[in-house]
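Peer 1: what would the 3D arrangement of this be:
(one chain, ligands or ions: 1)
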Amino acid sequence: MKIEPTLCAGIQAELPHLRPLAQQLAAQLQIPFIEANQKLTANAIYLQYHTDGLHIVSTNAKSKSLSFHIDFSDGLYLRRLQTSDKNQGLAKAVGFKPHYLPRVLDATAGFARDSFTLASLGCRVTMLERSPVLAALLSEAMERGSYDHNVADTLERMQVQCTEAMKYLTQLTPEQAPDVIYLDPMFPERKKKAQVKKEMQILHQLLGSDDHTPYPLQLAINTAKNRVVVKRPKQAEDLNNMEPSFRVTGKASRYDIYLADSD
Ligand SMILES: C[S@@+](CC[C@H](N)C(=O)[O-])C[C@H]1O[C@@H](n2cnc3c(N)ncnc32)[C@H](O)[C@@H]1O
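Peer 2: Here you go, the predicted model:
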């Protein structure tokens, strides 16, 4: 089933002292500021400022809500600081070696899990995110995480820009070109009805199923100094029907590697 994107309905503050922050972000994102006593409507996406940071909330037909916030100090991210098989696949795909730390452009940042993994290996990562709502969640989470000594070093190697990847890539000079460009398109719709994690449900509701969007793969290959890495579900067709130079295959997903012409 194709899911249409949902416009962010606005932002609320959980407590009165968070109102100025919420109002500032409402102005920045040009979305309404919603009073705390206003009931969330059905099938909507909202932002909410809580004492523990900025949350994204999605409501269903009965106005029951699901909420998620990016927390780099949380187990979901901290696990990525440790070496696991999952991390090794990504490390191998980008060509990481202890003496070679590629500069990575993550052109589809999302919740920045992959960027965080790459930065924890020591790579400098520039993240691009075209959704202003997601970019705001990322910026706020990075600011908050910078006060946690467990992750501050890793976050220091990451920066986020709210922009469309195609636009960004066309403006890069050859000197600014990253070693690796990483693309993780939205997963194609699942054929079987399977339970999807809450943050992916929210992401799908916010962005819709954008798997038919043409991804700037050829432009990325022409731009990267070393390679382009595309994350795909294990059984999915090649992105833009372009066959990669080689693949690194994991349990549920695979990385398709396109070596740059100069490589
Ligand atoms: C599947 S999510 C990426 C998940 C991410 N790898 C992670 O670890 O959390 C894809 C994200 O890329 C963003 N995106 C898709 N196409 C883009 C483009 N052309 N430019 C910038 N961002 C894009 C979407 O808004 C979405 O947030």
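Peer 1: so residue 10, which state does it fall into?
Peer 2: Of the three states, residue 10 takes strand under DSSP: H, G, I helix; E, B strand; the rest coil.
Peer 1: can you report how many residues lie near the nearest residue to it once chain neighbours are set aside?
Peer 2: With C-beta to C-beta, 6 or more residues apart in numbering as the criterion, residue 10 has its nearest non-adjacent residue at 3.8 Å, and that residue is residue 32. The C-beta positions use only the backbone N, C-alpha and C, and glycine is treated the same way. Using other C-beta atoms under 10 Å, residue 32 has 14 neighbouring residues.
Peer 1: for residue 32, what are phi and psi?
Peer 2: phi -70, psi 150 (degrees, to the nearest 10).
Peer 1: tally of neighbours for the residue in the stretch 101-250 of the chain that the ligand sits nearest to?
Peer 2: Proximity of the stretch 101-250 of the chain to the ligand (C-beta to the nearest ligand atom) peaks at residue 110, 2.6 Å away. Using other C-beta under 10 Å, residue 110 has 21 other residues around it.
Peer 1: before we move on, what about residue 22?
Peer 2: 22.
Peer 1: same check, this time on the one 3 residues further on
Peer 2: By the criterion of other C-beta under 10 Å, residue 25 has 20 neighbours.
Peer 1: could you chop this protein up by domain?
Peer 2: The chain breaks down by automatic domain parsing into domains covering 8-68, 75-259.
Peer 1: what about the first one, how long is it end to end?
Peer 2: Okay, so that is domain 8-68. In domain 8-68, first residue to last residue: 14 Å (C-alpha to C-alpha, to the nearest Å).
Peer 1: tell me the secondary structure at residue 58.
Peer 2: With three-state DSSP as the basis, residue 58 sits in strand.
Peer 1: so who does it touch?
Peer 2: Taking C-beta atoms under 8 Å, 6 or more residues apart in numbering as the criterion, residue 58 is in contact with 6, 44-46, 65-67, 201-202, 205-206.
Peer 1: please redo it, this time with the cut-off set to 6 Å
Peer 2: Residue 58 sits next to 45, 66, 202, 205 when contact means C-beta atoms under 6 Å, 6 or more residues apart in numbering.
Peer 1: now residue 140
Peer 2: 53-54.
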